[in-house]
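J.: sequence-free structure coming up:
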């Protein structure tokens, strides 16, 4: 099943779009229904060895992942591009309700887990240092509906890239769950 994509949006004057530092932030929501039990889908997001099997856009691998699943705990990972470039990220868990909900912050990071600006990876200087991610896991007739709400996403090409990355990641999760 293809993910359903939606976002909050408003009309943005062209002069704001022309000046990236004034571009507003928006939420990005992606919903996907998986033919797998909720407990397994939740574990795929919270157990490092399972997450490493599907995390990242198409063609990326995840050679490193640590998860300290508790409020205040850190999620540190490395995604490796098909060209061999490493992209580190980290999250700090804010709320965990097993197996219903995960709320965490999200940042680009260095290999030591320190938050770094997006420019560290050649991305827009307007990308926020920290964004927020909320994951909801809902049982639905033996399947699991996952709703991912990503708060603080830039508009334009940055938003399109984020949407594509999450869509590809969730597609990979679906492939992993079909084999699990």
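T.: In hand now; what should we look at? Only a predicted model underlies this, so the values are computations on that prediction, with no experimental measurement involved. Residues are numbered from 1 along each chain as shown.
J.: Next one: residue 161 from residue 125, what distance?
T.: 15 Å (CB to CB, to the nearest Å). No exception for glycine: its C-beta is placed from N, CA and C like everyone else's.
J.: out of these two, which sits in the busier spot?
T.: Between residue 161 and residue 125, counted using other CB atoms under 10 Å, the more crowded position is residue 161 (15 against 9).
J.: Surely that one is in a helix?
T.: Yes - using DSSP: H, G, I helix; E, B strand; the rest coil, the assignment for residue 161 is a helix.
J.: any idea how far residue 60 is from it?
T.: With distances taken as CB to CB, residue 161 is found 13 Å from residue 60.
J.: Check residue 138 too.
T.: Taken as CB to CB, the span from residue 138 to residue 60 is 27 Å.
J.: Comparing those two, which shows the higher neighbour count?
T.: residue 60 (18 against 14).
J.: Let me see the contact set for that one.
T.: By CB atoms under 8 Å, 6 or more residues apart in numbering, the contact set of residue 60 is 79-82.
J.: Residue 169 belongs to a strand?
T.: No - with three-state DSSP as the criterion, residue 169 is assigned helix and is not in a strand.
J.: show me the contacts for it.
T.: By CB under 8 Å, 6+ apart, the contact set of residue 169 is 54-57.
J.: And for residue 72?
T.: Residue 72 touches 92-93, counting by CB under 8 Å, 6+ apart.
J.: May I ask you to confirm that it belongs to a helix?
T.: No - counting by three-state DSSP, residue 72 is not part of a helix but coil.
J.: Let me see the backbone angles for it.
T.: phi 90, psi -10 (degrees, to the nearest 10).
J.: what are the ranges of the helices in the protein?
T.: Assigned by DSSP state H, the helices in the chain fall at 14-18, 38-46, 48-51, 157-179.
J.: and the ones you listed, which is most packed in?
T.: helix 38-46 (a mean of 19; mean count of other CB atoms under 10 Å).
J.: That helix packs against which elements?
T.: helix 48-51, strand 131-140, strand 143-154, helix 157-179 (3 or more CB pairs under 8 Å, 6 or more residues apart in numbering; DSSP states H and E).
J.: beta partners for the closest residue to residue 159 other than its chain neighbours?
T.: Spatial nearest neighbour of residue 159, chain neighbours left out: residue 153 (5.3 Å); criterion: CB to CB, 6 or more residues apart in numbering. Note on residue 153: beta-bridge partners residue 26, judged by DSSP bridges.
J.: now the helices and strands packed on helix 38-46 in CSV, with distance to residue 28?
T.: CSV is the format used below for the helices and strands packed on helix 38-46 (distance: least, CB to CB, whole Å):
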stretch, distance to residue 28
helix 48-51, 20
strand 131-140, 10
strand 143-154, 4
helix 157-179, 6
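J.: how about a markdown table for those, with mean pLDDT and distance to residue 38 added?
T.: Shown next, in a markdown table, are these (pLDDT from 0 to 100; distance: least, CB to CB, whole Å):
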| stretch | mean pLDDT | distance to residue 38 |
| --- | --- | --- |
| helix 48-51 | 98 | 14 |
| strand 131-140 | 96 | 5 |
| strand 143-154 | 88 | 4 |
| helix 157-179 | 88 | 11 |
